[in-house]
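Participant: here is the input, now give the coordinates:
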Amino acid sequence: MRSIQIVLRIVVGVAIFAGERTSSAQSLSEGLLVHWKFDGDYLDSSGLGHNLIAQTDMGADPGFAAGLPGIPNSQAVDFDNPQGLPHNGWLTRPVDDVDLNIGTNDWTLQAWINLDTVQNEQVPIEKLTGVGGEGWGLSLFLNGNAHFPNPGINPPSSLYTPVSGGLNSGEWHQFVVVRRDDEFCLITDGGSAGDGSVECRTGMSGVNIPSSPNAVILGRRNAGDGRGFGTDGKMDEVAIWGRGLSDLEIETLYNHGQGLSIDEKIKPIAEVSWRNDESGDWNSAGNWTPAKIPNKQEDGSGVTAIFGDAVTQNQTVFTDADVTIRAVQFVNSNRYVIAGGGSVSFESDTSAPNARIDVLIGNHEFQAPVILESDTDATLAGGTSLTLNNALDLQGHTLTSAGSGTLNINNNLITGGGTVVVNGGVIAGNGTVSGDLRNEGGIISPGNSDGIVGGDISVPEPSTFVLCGLCLVGLLARALRKRNK
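Facilitator: Numbers count the residues shown, from 1 in each chain. Below is the predicted model:
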């Protein structure tokens, strides 16, 4: 015969701590070799003095126009070559800058481009010798492809990747070329995590990209080619780094197509919100605002995933990869279902001692397994519920439930020496608890016990229930009825 331990407790209050993250910000100026803002001049704002000069066969020097919408009062250089011929001006460095060669180094080029006309091949920027000789360059084709000649691979193999939706006049597009360790990539519009695409070559570790003795030129092909390929349109926020930018940095600079000044600092992203009124993949950054997949970050800091008012009907967010977050928040009367073959783990970071699960509005559901990597506080507002239809693994940690909503456990609760503490609300469901539940002011529903609200949770030996004093009357009544039978 199993025994149930009954402990009377009076709970005065519950303190909930939610702090701001204190992780340091990362500077986009780290490793910066060139930064041409084109805010009314051709100067380099990196501090290394790579200032440009204007040249022209005929007509005026390149002028200026409105720049990226994401940068207040931004201007852009405006090349006017509607027939693809470099008649009306281009920009160049007056000397060969050896520090802008790639060689065997990690390296990144960013250029934002807004074409006035989409014509034959246009060359926005290059440091190249003749027709595809030594060096590097960026070309845009009429078919919407971006092209980066890469003679450093043997045999030579250029990178091509399309602009999503094609190249259309009057549209800003971000183009990034990045070399990181073993790979060399051409990225448009934030890459697959933004609105664009990625084409990479691997096996690049130690491979030398031959250097061109020519100077960097913007707005046309080098004179040794002879075909001109002048640019007709605007350029903004052109920069070169002597390091490979991370995916996060590239996505951040893309900023949903609005652009971001390189003078900004990238702060570790504290929270992201589901942005689409449709079901979708957790692991696609484009489904979140800002464009960052909610998962544990490289510096160990966590992310809060917010499921807010973006949806107007019930939607499913699926993850087929395991993800780790510090908190989740549900704020919508429409039902969010978190499903998929991956698990969702909760782990605190330096911002707060515990991870968090908050249900402020609505009734929501996890069909994916939930794992606690640290103690976790769950707060469910009145009239809300969170249903766990897959395993809940505490891994020895404490899950503390507060508020007056209902947490439904409809599958195995694996404690691993951990405990579920109920400070308020209702623990219900039809799952199996293989560990300890401790009630300090809420309601637990083991097997529809008298005096305890609904549910059909089974608790096998040797698990222990610690029930609140308010539940004692119902439990004693049930025991007396059994005795009198």
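
Participant: now the residue nearest to residue 73 when sequence neighbours are not counted: how far from residue 231?
Facilitator: The shortest distance from residue 73 to any non-neighbouring residue, by C-beta to C-beta, 6 or more residues apart in numbering, is to residue 39 (7.7 Å). Yep, even glycine has a C-beta here, placed from its N, CA and C like the rest. According to C-beta to C-beta, to the nearest Å, residue 39 and residue 231 sit 19 Å apart.

Participant: neighbour count winner among the two?
Facilitator: A direct count of neighbours by other C-beta atoms under 10 Å for residue 39 and residue 231 places residue 231 higher, at 28 against 16.

Participant: so that one sits right up against residue 79, yeah?
Facilitator: Yes - if you go by C-beta atoms under 8 Å, residue 231 and residue 79 touch, sitting 4.5 Å apart.

Participant: what sits in contact with each of the two?
Facilitator: Common contacts of residue 231 and residue 79 (C-beta atoms under 8 Å, 6 or more residues apart in numbering): 90, 219.

Participant: may I have the secondary structure class of the residue nearest to residue 73?
Facilitator: State at residue 39, reduced to three classes by DSSP: H, G, I helix; E, B strand; the rest coil: coil.

Participant: what sits against it?
Facilitator: The contact partners of residue 39, by C-beta under 8 Å, 6+ apart, come to 67, 73, 74, 75.

Participant: if any of the residues you listed are buried, give me the ChimeraX selection for them.
Facilitator: Filtering the contacts of residue 39 down to the buried ones (16 or more other C-beta atoms under 10 Å) takes a single ChimeraX command:
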select :67,74,75
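
Participant: for residue 396, state which of the contacts of residue 39 is nearest.
Facilitator: residue 74 (52.4 Å; C-beta to C-beta).

Participant: nearest residue to that closest one in space, please, no chain neighbours.
Facilitator: Closest to residue 74 by C-beta to C-beta, 6+ apart is residue 67, at 3.1 Å.

Participant: from the contacts of residue 39, which ones fall inside helices?
Facilitator: Among the contacts of residue 39, no member falls in helices (DSSP state H).

Participant: in CSV: the contacts of residue 39, plus pLDDT and distance to residue 58.
Facilitator: Below are these laid out as CSV (pLDDT from 0 to 100; distance: C-beta to C-beta, whole Å):
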residue, pLDDT, distance to residue 58
67, 96, 26
73, 94, 32
74, 95, 29
75, 97, 24
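
Participant: need the contacts of residue 39 in TSV (columns: distance to residue 246).
Facilitator: Conversion of the contacts of residue 39 to TSV gives the following (distance: C-beta to C-beta, whole Å):
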residue	distance to residue 246
67	24
73	28
74	24
75	28
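
Participant: just the contacts of residue 39: which are in strands?
Facilitator: Of the contacts of residue 39, the ones assigned to strands by DSSP state E are residue 75.

Participant: hmm, back to that, check contacts around the residue nearest to residue 74.
Facilitator: By C-beta under 8 Å, 6+ apart, the neighbours of residue 67 are 38, 39, 74, 75, 76, 234, 236, 237, 259.

Participant: surely the last one is in a strand?
Facilitator: Meaning residue 259. No - assigned with three-state DSSP, residue 259 falls outside any strand and is coil.

Participant: these two touch, right, it and residue 113?
Facilitator: No - if you go by C-beta under 8 Å, residue 259 and residue 113 don't touch, sitting 11.3 Å apart.

Participant: now do the shared contacts for these two.
Facilitator: residue 172.

Participant: looking at those two, which one has more neighbours?
Facilitator: Neighbour count, other C-beta under 10 Å: between residue 259 and residue 113, residue 113 has more, with 25 against 21.

Participant: which ones are touching the residue nearest the centre of the chain?
Facilitator: Here the mean C-alpha position of the chain is nearest to the C-alpha of residue 292 (C-alpha atoms, centre = their mean), at a distance of 0.9 Å. Contacts for residue 292 (C-beta under 8 Å, 6+ apart) come out as 248, 251, 269, 272, 285, 303.

Participant: rerun at 6 Å
Facilitator: Residues counted as contacts of residue 292 (C-beta atoms under 6 Å, 6 or more residues apart in numbering) are 269, 272, 285.

Participant: circling back to that earlier point, phi first, then psi, for the residue nearest to residue 74.
Facilitator: phi -100, psi -150 (degrees, to the nearest 10).

Participant: any idea how far it is from residue 82?
Facilitator: For residue 67, the distance to residue 82 equals 21 Å [C-beta to C-beta].

Participant: next one: residue 241
Facilitator: 32 Å.

Participant: quick one: low-confidence parts of this protein?
Facilitator: The model of the chain has pLDDT under 70 over residues 1-26, 83-87, 132, 150-157, 193, 265-268, 298-299, 434-435, 445-485.

Participant: domain assignment for it?
Facilitator: Domain segmentation of the chain under automatic domain parsing yields 26-265, 269-484.

Participant: show residues contacting the helix or strand containing residue 114.
Facilitator: In the assignment (DSSP states H and E), residue 114 maps to strand 107-115. Under the contact criterion C-beta under 6 Å, 6+ apart, strand 107-115 has outside partners 68, 124-125, 169, 172-179, 233-241, 244-245, 259.

Participant: repeat the analysis, applying 8 Å as the threshold.
Facilitator: Residues from elsewhere that reach strand 107-115 (C-beta under 8 Å, 6+ apart): 68, 76, 122, 124-125, 136, 138, 140, 167-179, 231-245, 250, 253, 259.

Participant: just the buried subset of these, please.
Facilitator: The buried subset of the contacts of strand 107-115 (16+ other C-beta under 10 Å) comprises 68, 76, 122, 124-125, 136, 138, 140, 167, 171-179, 231-245, 250, 253, 259.

Participant: for the longest strand seen in the chain, buried residues please.
Facilitator: Determined from DSSP E, the single longest strand within the chain is strand 412-422. The neighbour-count check on strand 412-422 (16+ other C-beta under 10 Å) flags 413, 414, 415, 418, 419, 420, 421, 422 as buried.

Participant: just give me the closest of these to residue 210.
Facilitator: residue 414 (58.5 Å).

Participant: surely the closest one and residue 390 touch.
Facilitator: No - Residue 414 lies out of contact with residue 390 (C-beta under 8 Å); the separation is 11.2 Å.
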